[in-house]
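> Got a predicted structure here, sequence first:
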Amino acid sequence: MDSSNGERPPQGEDAPAAAAGSIGGYESLHRLLQSNLSPELFKEASRLLLGLNCGRALEAISLPEATSALAKAHNFDVQAFRFDADKEYLRQPRVIRVGLIQNSIAIPTTSHFADQKKAIMEKVKPMIDAAGDAGVNILCLQEAWTMPFAFCTREKRWCEFAEPVDGESTQFLQQLAKKYNMVIVSPILERDVNHGEIVWNTAVVIGNHGNIIGIHRKNHIPRVGDFNESTYYMEGNTGHPVFETAYGKIGVNICYGRHHPLNWLAFGLNGAEIVFNPSATVGELSEPMWPIEARNAAIANSYFVGSINRVGTEVFPNPFTSGDGKPQHADFGHFYGSSHFSAPDASCTPSLSRYRDGLMISDMDLNLCRQIKDKWGFRMTARYDTYASLLSEYLKPDFKPQVIVDPLINKSA
Ligand SMILES: NC(=O)NCCC(=O)O
């Protein structure tokens, strides 16, 4: 199974020199296995790693020539797959096409801020065009896509990248949303002009008519490693909205929210059929978690998840520390890309490149969500009443954990 429609650089030993961020010269674990295992063993490994959809390996789908040509001209990875659902007697299939874009920044972080933003927008534009040419219905960009992920620095000057909800990047995407009849989820640094000009980490959801459907603000703000984001913005105040779009019901769980199962649950309870997880995270911190958390959320909540992570290493003008004893440094480490989709039936796509820009496309029959709810009954068997009473007790200052102590605990045998 190789779904690459773009021009792929040589892999493994054929790679001229292992590209920074590659896995020994390979763009992804999937491609490493594909190149080094026999076809039979690769099939078995893929079955175990990616699961099966309707009893079969996920099929790659072919894309229009225009999409492949853009991928080749702008050197981005493009992959495309199809999640099926069973045929139903009473409902028609609800197949939609969904896209995820991952990218590196375009010019050094020392450049003029206006130039940096412009260069990123110019870089991402052909990828959005490629998605539009491929007939993508819903597209999601990465977290804070208009800027370098400068929150490691704690320097306040990066707040200048913040924009009002209807600002420059939204206007840019509104035109494209209209042109391609596409819903676009745009995660930005938001400047809340009506509330003291404070800053939020926000996803703007743009409808396929170019209208702003609404926003969601990141619920969980990290305080881990160099992710010093609490210096810039507070925990979001928008709850867990689900946006009913022309193509399906979507939610946005921004980055660090993926470590919180109740955050995922809340989007599910509000009826999401797809939850996007636009992220910015680095290999040393989170890579072992990356393929697990989103996939688990898709399984536990019977919805699709689209996971997106930026790529590359962003070096900042001034070195910084984060109070963790590490020597001062000027970058976060490598953002490992690896964007992918997970489905409610536990299947998932391979990941995009670990170091190149990329566009992941997947067709998905949203009927799968209810079919999996009916099959596994997770909603029916959940004990929301007991969780709710535990949580309300837990919130009380005099909460006592329900622990039953073995009266013989200190008695020698
Ligand atoms: N952007 C962000 O919230 N990153 C935190 C690190 C992580 O969750 O892996």
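In hand now; what should we look at?
> Name the residues of the stretch 101-250 of the chain found near the ligand, please.
Taking C-beta under 6 Å from any ligand atom as the contact definition, the stretch 101-250 of the chain meets the ligand at Glu143, Pro222, Phe227. Where C-beta positions appear, they are placed from N, C-alpha and C, glycine not excepted.
> Name the residues that touch whichever strand or helix holds Ile308?
According to DSSP states H and E, Ile308 maps onto strand 304-309. Identification of contacts with strand 304-309 by C-beta atoms under 8 Å, 6 or more residues apart in numbering yields 83, 98, 100-102, 140-143, 258, 273-281, 290, 294-295, 297-298, 335-344, 360, 364, 366, 368-369.
> Just the C-alphas of that strand, formatted as PDB.
Extracted C-alpha coordinates of strand 304-309, given in PDB (Å, rounded to 0.1, in the frame of the first residue of the first chain):
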ATOM      1  CA  PHE A 304     -12.900  10.200  13.400                       C
ATOM      2  CA  VAL A 305      -9.900  12.100  14.600                       C
ATOM      3  CA  GLY A 306      -7.500  14.200  12.300                       C
ATOM      4  CA  SER A 307      -4.200  14.700  14.000                       C
ATOM      5  CA  ILE A 308      -1.800  17.400  12.700                       C
ATOM      6  CA  ASN A 309       1.700  18.400  13.900                       C
END
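> mind listing what's buried in that strand?
The neighbour-count check on strand 304-309 (16 or more other C-beta atoms under 10 Å) flags Phe304, Val305, Gly306, Ser307, Ile308, Asn309 as buried.
> Stretch 212-228 now?
212-213, 215-222, 225-228.
> ok, of the buried residues of strand 304-309, which one's closest to Phe76?
Distance to Phe76 across those (C-beta to C-beta) is lowest for Ile308, with 13.5 Å.
> and that closest one, bridged to which residues?
Legend: beta-bridge partners of Ile308 under DSSP bridges are Pro278.
> ok, Ile250 - contacts?
Counting by C-beta under 8 Å, 6+ apart, Ile250 has contacts Ile138, Val183, Val185, Val205, Val242, Phe243, Ala272, Glu273, Ile274, Val275, Phe276.
> In CSV: the residues you listed, plus neighbour count.
Listed next are the contacts of Ile250 as CSV, based on neighbours: other C-beta atoms under 10 Å:
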residue, neighbour count
Ile138, 26
Val183, 25
Val185, 26
Val205, 23
Val242, 24
Phe243, 21
Ala272, 28
Glu273, 26
Ile274, 27
Val275, 28
Phe276, 31
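> closest to the ligand among those residues?
The ligand lies nearest to Phe276 out of those, by C-beta to the nearest ligand atom, at 13.8 Å.
> Going by secondary structure, the closest one is in what exactly?
When elements are assigned from DSSP H and E, Phe276 belongs to strand 274-279.
> And Ile128, by the same measure?
Here Ile128, judged by DSSP H and E, is contained in helix 113-133.
> Local confidence estimate at the residue in the stretch 51-200 of the chain that the ligand sits nearest to?
Per C-beta to the nearest ligand atom, Glu143 is where the stretch 51-200 of the chain lies closest to the ligand, at 5.6 Å. Looking at Glu143, its pLDDT stands at 98.
> Next one: it from Arg157, what distance?
20 Å (C-beta to C-beta, to the nearest Å).
> These two - which one has more neighbours?
When neighbours are counted by other C-beta atoms under 10 Å, Glu143 comes out ahead of the other of Glu143 and Arg157, with 23 against 10.
> The closest residue to the more buried one other than its chain neighbours: neighbouring residues, count only.
For Glu143, ignoring the flanking residues on the chain, the nearest one in space by C-beta to C-beta, 6 or more residues apart in numbering is Pro278 at 4.3 Å. By other C-beta under 10 Å, 29 other residues sit near Pro278.
> Pro278 and Val204 touch, don't they?
No: counting by C-beta atoms under 8 Å, Pro278 stays clear of Val204, with 11.4 Å between them.
> Can you name the residues bridging to Lys249?
Beta-bridge partners of Lys249, counted by DSSP bridges, are Glu244.
> and stretch 26-45, how far apart are its ends?
Length of stretch 26-45, first residue to last, C-alpha to C-alpha, to the nearest Å: 17 Å.
> Mean confidence (pLDDT) on that stretch, please.
What stretch 26-45 shows for mean pLDDT is 97.
> Counting neighbours, which bits of that stretch end up buried?
Within stretch 26-45, the residues that count as buried by 16+ other C-beta under 10 Å are Tyr26, Glu27, Ser28, Leu29, His30, Arg31, Leu32, Leu33, Gln34, Phe42.
> For Ile221, see how far away the fourth one is.
Read that as Leu29. From Leu29 to Ile221 the distance is 30 Å (C-beta to C-beta).
> shaky segments in this protein?
Across the chain, the ranges flagged by pLDDT under 70 are 1-9, 13-18.
> you'd agree Ser362 is up against Ala80?
Yes: the pair Ser362 and Ala80 passes the contact test of C-beta under 8 Å, sitting 6.8 Å apart.
> before we move on, back to that, can you list the residues of the stretch 101-250 of the chain next to the ligand in JSON lines and add secondary structure and distance to Gln174?
Shown next, in JSON lines, are these (DSSP: H, G, I helix; E, B strand; the rest coil; distance: C-beta to C-beta, whole Å):
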{"residue": "Glu143", "secondary structure": "coil", "distance to Gln174": "20"}
{"residue": "Pro222", "secondary structure": "coil", "distance to Gln174": "30"}
{"residue": "Phe227", "secondary structure": "strand", "distance to Gln174": "30"}
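> So Ala45: helix, strand or coil?
Following DSSP: H, G, I helix; E, B strand; the rest coil, the label given to Ala45 is helix.
> Excluding sequence neighbours, find me the nearest residue to it.
Here the residue nearest Ala45, using C-beta to C-beta, 6+ apart, is Leu33, at 5.3 Å.
> I'd like the distance between the residue lying closest to Thr281 once chain neighbours are set aside and the ligand.
Spatial nearest neighbour of Thr281, excluding adjacent residues (C-beta to C-beta, 6+ apart): Asn309 at 5.7 Å. According to C-beta to the nearest ligand atom, to the nearest Å, Asn309 and the ligand sit 9 Å apart.
> Mind listing residues that contact stretch 264-273?
Contacts of stretch 264-273 (C-beta under 8 Å, 6+ apart): 239-242, 248-251, 253, 257-258, 275, 297, 300-304, 366, 369.
> and it, how far apart are its ends?
Distance across stretch 264-273, first residue to last, is 12 Å (C-alpha to C-alpha).
> how about that stretch: buried residues?
Trp264, Leu265, Ala266, Phe267, Gly268, Ala272, Glu273.
> Having no further points to raise, I will conclude here.
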